[in-house]
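S.K.: below are the sequence and a predicted model for it; my questions follow.
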Amino acid sequence: MGKYSFEDVKKLYYEMEQIKGKEAYRYVSDVLEMAKEPHRRDFLKRNPKGNHQQSWNNFKGNCFEKLLQHIITKSVEPFGLKVVNDKELKKKRLSEQLVAVKRNLVIDYGKYGMHLPDADIVIYNPKKCRVIAVISCKTSLRERIAQTGYWKFKFWENEITKHIQVYLVTADTDNTLTKIEPFKKARAIVEIDLDGVYVLTKENLHESDKVKLFEHFIEDFKQ
């Protein structure tokens, strides 16, 4: 029997799609929770004295990102766009197309070199290798929220990258974004510094022009 992997989690998501249809995205956190116990059993079988929680946190984050890449890819490919993740762009051997995409995404730090931003998912036009948007994917807002705003600022500094939209997609498992008032720091940052935040949740989300349920992502993205 093979190691418990993202493919197993993707099967769980497909099953959720059969039950919830277009609303399945709201239950991504539930899908990940369903995956935790089989992942734990597999992990402890292979590492009887290992730290499962640490392994699970890494696995959950990677699966969340891959599930979103899967969902977003299916949504934007009909528009002639492509999706790539930053792990692929960091590989030493890239296709000619991805070399051009990387060149159109890097931040110039002068004598300190050219560096890729922390962009979990990159959407680009393959005809000109023009980067359209970068998406940061996080299960909770405790992770990297201020850094996402920082990359938006760095893109804005350069003519080559200032058009790039910066989005955050989150399951918001700690309910940081659920209410508008009283404003929490994370909600203030996303309202002011990002182009949009899309939430995968079953909770009642107080939406705004910047913070919306994930179902609005494609609709907004087309505009």
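M.R.: Here it is on my side, so go on. Numbers count the residues shown, from 1 in each chain.
S.K.: so what's the model's average confidence on stretch 5-25?
M.R.: Averaged over stretch 5-25, pLDDT sits at 92.
S.K.: list the buried residues of it.
M.R.: Within stretch 5-25, the residues that count as buried by 16 or more other C-beta atoms under 10 Å are 6, 9-10, 12-13, 16-17, 24-25. To be clear about C-beta, it is placed using only N, CA and C from the backbone, and glycine gets the same treatment.
S.K.: now swap in stretch 25-44 and tell me
M.R.: Applying 16+ other C-beta under 10 Å to stretch 25-44 flags 25-32, 34-35, 39, 42-43 as buried.
S.K.: just the CA trace of that stretch, in CSV.
M.R.: Extracted C-alpha coordinates of stretch 25-44, given in CSV (Å, rounded to 0.1, in the frame of the first residue of the first chain):
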residue,chain,number,x,y,z
TYR,A,25,-15.3,24.6,-2.0
ARG,A,26,-17.0,25.6,1.3
TYR,A,27,-16.1,22.2,2.8
VAL,A,28,-12.4,22.1,2.0
SER,A,29,-11.6,22.3,5.7
ASP,A,30,-13.9,19.3,6.3
VAL,A,31,-12.2,17.4,3.6
LEU,A,32,-8.8,18.1,5.2
GLU,A,33,-10.2,17.1,8.6
MET,A,34,-11.4,13.8,7.1
ALA,A,35,-7.9,13.2,5.9
LYS,A,36,-6.2,13.7,9.2
GLU,A,37,-6.9,10.3,10.8
PRO,A,38,-5.8,8.2,7.8
HIS,A,39,-2.8,10.4,7.5
ARG,A,40,-2.0,9.8,11.2
ARG,A,41,-2.3,6.1,10.9
ASP,A,42,-0.1,6.0,7.9
PHE,A,43,2.5,8.3,9.5
LEU,A,44,2.7,6.3,12.8
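S.K.: give me the distance from the longest strand anywhere in the chain to the chain's centre.
M.R.: If you go by DSSP state E, the chain has its longest strand at strand 130-138. Here strand 130-138 is found 8 Å from its chain centre; the criterion is C-alpha atoms, centre = their mean, to the nearest Å.
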